[in-house]
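Chemist: I need the structure of the sequence given here:
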Amino acid sequence: MRSQSSAFNLSALVLFVAVTTSHALAAGATQEASSSGLEGKLLIGLLFAAIIYFVPTVVGFVRDHPNKFAILALNVFLGWSFIGWVVALIWALSNPSPSGVGTVVINQHIPRSGNETSSS
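Modeler: Predicted structure coming up:
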């Protein structure tokens, strides 16, 4: 349940940042074109782009990936390139193996030949 609430909090934060950023950009870029309806279209386009941009991060947090903060960093810093975004998405969708899996330790006690007692 905790991972779902943290994923919801992250989604809400991403949405808030996307809305405020896109609104500020739209307000500054379309001051003279506000009467033509371009401002609303630009705002919706920027919001849609911001949501798509952070899909790998949201997927990583929703799936409670052990490297979710590294996925966030990759998405923020290299997500602008298509390759960085795809790598972050694949990483977020991957199934990490739990720690310790794949390591086999066998403890066997083999008695030394000099320590054997004879029964004669």
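Chemist: okay, now Gly45: neighbour count?
Modeler: 12 (other C-beta atoms under 10 Å). Where you see a C-beta, it was placed from the backbone N, CA and C, and this is true even at glycine.
Chemist: now name the helix or strand holding it.
Modeler: helix 38-53 (DSSP states H and E).
Chemist: could I get the buried residue list for that helix?
Modeler: With burial defined by 16 or more other C-beta atoms under 10 Å, the residues of helix 38-53 counted as buried are Glu39, Leu42, Leu43, Leu46, Leu47, Ala50, Tyr53.
Chemist: got the CA coordinates for the helix or strand just after it in PDB?
Modeler: Counting by DSSP H and E, the next helix or strand C-terminal to helix 38-53 is helix 55-62. Output in PDB follows, covering the C-alpha atoms of helix 55-62 (Å, rounded to 0.1, in the frame of the first residue of the first chain):
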ATOM      1  CA  VAL A  55       6.400   7.900 -18.000                       C
ATOM      2  CA  PRO A  56       9.500   5.900 -17.200                       C
ATOM      3  CA  THR A  57       9.800   7.600 -13.800                       C
ATOM      4  CA  VAL A  58       6.200   7.000 -12.900                       C
ATOM      5  CA  VAL A  59       6.400   3.300 -14.100                       C
ATOM      6  CA  GLY A  60       9.500   2.900 -11.900                       C
ATOM      7  CA  PHE A  61       7.800   4.300  -8.800                       C
ATOM      8  CA  VAL A  62       4.500   2.500  -9.400                       C
END
